[in-house]
Each structure stands twice: as structure tokens, then as C-alpha cells.
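Trainee: Quick one, fold the following:
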Amino acid sequence: MLYAGFQGVVLGLSMIVPIGAQNSHVLSQGIKRHFHLLTATVCILCDVILINIGIFGGAKLLSRSPLLISIISWAGMAFLVGYAGMSFRSAWQNNYQATRYNQDATTRVAVLTTTLAITLLNPHVYLDTVVILGSVGGQFNGYDKVAFAVGTMLASIIWFYCLATAAATLSPWLNRSKVQRIIDCLVGCVMCVIAYMLYQSILT
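Mentor: Numbers count the residues shown, from 1 in each chain. Prediction:
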């Protein structure tokens with residue numbers, strides 16, 4: 001059971017840690033110190049729900065419908081390319097000072113809504129949680145399955161809270177225009193790479 005839980009933590013981190021739409025959003029809110037813990041909590045709760053759906057039956061349901069998986073993959077690729085385009089545009093415009101002041105005026109509800117949209121409208125999240133983690137977790141039985149699920153959820157809790165806290169702590173340095181421009185360029189590049197990997201998986 002402990003080994004299954006450890007596997008859950010390791011595989012969960014391997015799915016969550018690479019920069020994606022959720023991570024970049026949490027990082028952005030942390031840099032601005034603007035409801036960053038709320039943002040991290042929403043991401044964690046969404047992961048917990050989707051991971052449980054995948055491990056306890058959702059992955060098997062999806063595996064029976066190659067067409068649905070294909071649709072999710074194409075939609076995920078389109079989402080990632082669009083997000084990459086926004087990141088590159090932000091880096092090109094280099095208007096971070098004005099953007100920061102505008103975003104500081106956003107309310108808790110607006111942050112909550114944006115976080116939910118970035119999480120639940122991103123098909124890549126479903127591929128990571130429901131399909132991949134769900135397929136692996138579905139191979140376990142009894143308490144081992146529960147331990148694996150707990151491990152993956154623990155990975156999400158550790159990562160998102162650490163990311164939000166670290167970004168807020170390093171905010172004075174990360175809030176510089178040059179640094180934010182570099183971050184946007186890196187996010188855009190990573191999104192393109194993930195989109196290409198999705199495209200390759202569709203072809204195979």
C-alpha cells in the first residue's frame with residue numbers, strides 16, 4: 001500500500017510539475033500576490049475530483065471511446081496553441097506594468113472564475129488526470145488503489161501550494177518586466193512542445 005502511494009506521488013508530480021496552463025496561472029497570481037492561495041486551492045480541488053473520476057471508472061469509460069479521446073486530444077492541442085499565442089503576444093507587447101495594475105483590481109469571484117475556466121476548459125488536464133493517472137490507478141485493487149489516489153492528490157496539494165507560495169515570496173524579483181517577459185516566452189515554448197506531443201500521440 002505504501003509503495004502504491006509512493007507511485008501515486010511520483011507519477012502525480014510528473015504530470016503536474018511540467019509548466020502548463022494551470023501552473024502558469026498560479027505562477028502569475030503568485031507573482032502579483034493576488035488571491036494566489038485561492039487559485040492554488042481551486043486547482044487542487046479540480047485535480048482531486050478529476051483524479052478520482054479517472055481512477056474509479058472514468059478512464060475505463062474513455063478507453064472504450066477512441067473518438068472521444070481523439071476529440072479531447074485535438075481540443076487540448078488547440079487550447080495549448082492558443083495559450084502559447086497569448087503568451088508570445090504578451091511577451092512581444094511587453095506591457096507588464098499596465099497589465100499588473102489592471103489585474104490588481106480584479107475581484108475574488110473573477111479570479112475564481114478565471115481559474116475554473118483555465119482548468120476545466122483545458123482538455124489537457126483531462127488527459128493527465130482522467131486518462132493517464134486514471135488508467136494507471138485503475139490497475140490497482142482495494143487499498144492499493146486508494147493509496148495511489150491519495151498519493152496523486154497529495155502531489156497536487158504539495159505542488160500547487162509550493163508554487164503559489166514560492167512565486168509570492170519571490171514576487172519582488174519575478175515582478176520585473178524582463179523576468180515576466182522571459183517567463184511568458186518559456187511558457188509559450190512549453191505549450192507548443194506539449195501541443196506537438198499531443199499531435200504525435202494522435203497520429204500514432
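
Trainee: where do the helices sit along the chain?
Mentor: 2-16, 21-32, 36-53, 59-63, 66-93, 96-104, 108-120, 123-126, 134-137, 142-169, 171-174, 177-203 (DSSP state H).

Trainee: what's the second one packed up against?
Mentor: This means helix 21-32. helix 36-53, helix 66-93, helix 96-104, helix 108-120, helix 123-126, helix 142-169, helix 171-174, helix 177-203 (3 or more Cβ pairs under 8 Å, 6 or more residues apart in numbering; DSSP states H and E). To be clear about C-beta, it is placed using only N, CA and C from the backbone, and glycine gets the same treatment.

Trainee: who wins for proximity to M1 among those?
Mentor: helix 142-169 (4.6 Å; Cβ to Cβ).

Trainee: Which elements pack onto that closest one?
Mentor: helix 2-16, helix 21-32, helix 36-53, helix 134-137.

Trainee: Of all those helices, which one comes closest to G188?
Mentor: helix 21-32 (9.5 Å).

Trainee: still on that earlier bit, could I get the helices of the chain as CSV with mean pLDDT and mean neighbour count?
Mentor: As requested, the helices of the chain are exported to CSV (pLDDT from 0 to 100; neighbours: other Cβ atoms under 10 Å):
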stretch, mean pLDDT, mean neighbour count
helix 2-16, 84, 18
helix 21-32, 85, 23
helix 36-53, 92, 21
helix 59-63, 63, 16
helix 66-93, 79, 16
helix 96-104, 50, 13
helix 108-120, 87, 15
helix 123-126, 79, 22
helix 134-137, 80, 22
helix 142-169, 91, 19
helix 171-174, 81, 13
helix 177-203, 78, 16
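
Trainee: re the thing from before, what would the helices and strands packed on helix 21-32 look like in a markdown table with distance to L133?
Mentor: Shown next, in a markdown table, are the helices and strands packed on helix 21-32 (distance: least, Cβ to Cβ, whole Å):
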| stretch | distance to L133 |
| --- | --- |
| helix 36-53 | 6 |
| helix 66-93 | 15 |
| helix 96-104 | 32 |
| helix 108-120 | 15 |
| helix 123-126 | 10 |
| helix 142-169 | 5 |
| helix 171-174 | 30 |
| helix 177-203 | 16 |
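
Trainee: For S14, which of those is the nearest?
Mentor: helix 142-169 (8.6 Å).

Trainee: residues contacting the residue nearest the centre of the chain?
Mentor: Among the residues of the chain, the one closest to the centroid is Q22, at 3.4 Å (Cα atoms, centre = their mean). Q22 sits next to 16, 43, 118-119, 122, 125, 160 when contact means Cβ atoms under 8 Å, 6 or more residues apart in numbering.
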